[in-house]
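Peer 1: here is my input; please provide its structure:
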Amino acid sequence: MDLKSNHSSPVLADSVPVSKPRLGLSSNLVPYSPPAPTYPPGLYLSIPRRKVTTGKFDDIRESAWLDAMVASSPTCKKLNKDFGHESSKDEADTTYSIWLMKFPSALSSLDQIKYNANGKKIALFLDYDGTLSPIVDNPDFAVMSPAMRAAVGNVAKCFPTAIISGRSRDKVYEFVGLRELYYAGSHGMDIMGPVRESLPVNDHPNCIRSTDKQGKKVNLFQPASEFLPMINEVFRSLVESTKGIDGAKVENNKFCVSVHYRLVDLKNWAEVACCVENILKGYPRLRLTHGRKVLEIRPVIDWNKGRAVEFLLESLGLSYSDDVLPIYVGDDRTDEDAFKVLREGNRGFGILVSSKPKETNAFYSLRDPYEVMSFLKSLVKWKKSTSLGG
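Peer 2: Residues are numbered from 1 along each chain as shown. Predicted coordinates for the structure are as follows:
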């Protein structure tokens, strides 16, 4: 449930819509095109408990916040029961099977993906949490398995590959540790991408030439750099205001702040929401979006994961080519911006990672990180057995 209000309170909504992309990618793909479904993730501080002194919600606002927090959280028996949505395993399996008809498995659809990729170069974009690593109670422990790291490293040797995460870019690199990739943190507001000499830096404000830790020339693009002092201020305020909520974690992701409530008792979710709302009242240039048991505070700018995909494709020299097939794999609401960019004009494929039916702009689905790893391995095997992508 979305709650839209004036600047005195946060906006509970999905991220700012992507403007019409400038990519000149081919629109002659023939992916599965489902109709809109009708089915209903730096720095961490573990907070000790003390009495909360923040203001109270009125019943309507509390209900709206809780509805939005539950809707963005992974489906589980406890939540369903508490909110009156409990269903049997058979019913859940049937619903998922019907959903799969609209968003078929990318593994079972490999032949169709191969057909569309014939004679084209794949560009691969990956989310991190819930896609390459499992969702865990403590986000500090969301590490990749050695097998997944090997799969990502191998696919990056075959195709241009980037990770686009809500985490800070440094944190994602710490988790992944692969030099073959490009990294975008803070939902694409902190990108370290390739240098393309034909792409002047001054074409993009807040883009500078830099070098990475290996001494390689890169473009460092930070479109929300002016918000950094504000983000740090909000981070400190949220740390202080959530001290009374057992299990709350506040994460500084450089250009966004994440308030995790995965370890917070359900009855205290309204306290988390109240703390966030009270602080955001003083920051009309910041907005709030939902992730999987996380509230994320971000700058109000026309930038998101979809725009990050556009920027990286342009940096790679793949924007205006008819022989490119971008593929984006992600599991969360913030990944929908990238799915939208690829769906427009059938430019490429979005793959949603979910074991539950969800509204999505993706074309295909995968159940979990294990299936993501299998999909990546299949791409590598296919690349090695064909001349795909030259």
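
Peer 1: please count neighbours and contacts with C-alpha atoms only from this point.
Peer 2: Will do.

Peer 1: the helix or strand harbouring Asn116: which residues count as buried?
Peer 2: Per DSSP states H and E, Asn116 falls inside helix 110-117. Buried residues in helix 110-117, counted by 16 or more other Cα atoms under 10 Å: Ile113, Asn116, Ala117.

Peer 1: mind exporting the C-alpha coordinates of it to CSV?
Peer 2: The C-alpha trace of helix 110-117 is given here as CSV (Å, rounded to 0.1, in the frame of the first residue of the first chain):
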residue,chain,number,x,y,z
LEU,A,110,17.4,-21.2,-21.9
ASP,A,111,16.6,-22.2,-25.5
GLN,A,112,14.5,-19.1,-25.9
ILE,A,113,17.1,-16.9,-24.4
LYS,A,114,19.8,-18.4,-26.6
TYR,A,115,17.6,-17.7,-29.7
ASN,A,116,17.3,-14.0,-28.8
ALA,A,117,21.0,-13.8,-28.0
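
Peer 1: nearest to Val143, of the buried residues of helix 110-117?
Peer 2: Nearest to Val143 among the buried residues of helix 110-117, counting by Cα to Cα, is Ile113 at 29.0 Å.

Peer 1: how far away is that closest one from Lys102?
Peer 2: According to Cα to Cα, to the nearest Å, Ile113 and Lys102 sit 16 Å apart.

Peer 1: contacting residues around Leu313?
Peer 2: Ala123, Ser319 (Cα atoms under 8 Å, 6 or more residues apart in numbering).

Peer 1: what's the mean pLDDT across the helix or strand in which it is found?
Peer 2: Per DSSP H and E, Leu313 falls inside helix 305-315. Helix 305-315 shows a mean pLDDT of 93.

Peer 1: with stretch 373-388 instead?
Peer 2: 89.

Peer 1: just the buried residues of the helix or strand hosting Leu376, please?
Peer 2: Element membership for Leu376, per DSSP H and E: helix 369-385. For helix 369-385, the neighbour count (16+ other Cα under 10 Å) marks Pro369, Tyr370, Glu371, Val372, Met373, Phe375, Leu376, Lys377, Ser378, Leu379, Val380, Lys383 as buried.

Peer 1: what is the nearest of these to Ser165?
Peer 2: Using Cα to Cα, Pro369 comes nearest to Ser165 of these, at 15.0 Å.

Peer 1: show me the contacts for the closest one.
Peer 2: Neighbours of Pro369 in contact, by Cα under 8 Å, 6+ apart: Gly130, Thr131, Leu132, Ser133, Pro134, Val353.

Peer 1: setting aside sequence neighbours, what's the nearest residue to Thr360?
Peer 2: Glu336 (6.6 Å; Cα to Cα, 6 or more residues apart in numbering).

Peer 1: please save the CA atoms from stretch 135-152 in CSV.
Peer 2: The C-alpha trace of stretch 135-152 is given here as CSV (Å, rounded to 0.1, in the frame of the first residue of the first chain):
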residue,chain,number,x,y,z
ILE,A,135,19.0,-13.3,2.6
VAL,A,136,20.2,-13.6,6.2
ASP,A,137,19.2,-12.1,9.6
ASN,A,138,22.4,-10.2,10.0
PRO,A,139,23.4,-8.4,6.8
ASP,A,140,27.1,-8.6,7.9
PHE,A,141,26.9,-12.3,7.1
ALA,A,142,25.5,-12.1,3.6
VAL,A,143,28.6,-13.7,2.1
MET,A,144,28.9,-15.5,-1.2
SER,A,145,29.7,-19.2,-1.3
PRO,A,146,33.0,-20.2,-2.9
ALA,A,147,31.0,-21.9,-5.6
MET,A,148,29.0,-18.7,-6.4
ARG,A,149,32.1,-16.6,-6.5
ALA,A,150,33.7,-19.0,-9.0
ALA,A,151,30.5,-18.9,-11.1
VAL,A,152,30.4,-15.1,-11.1
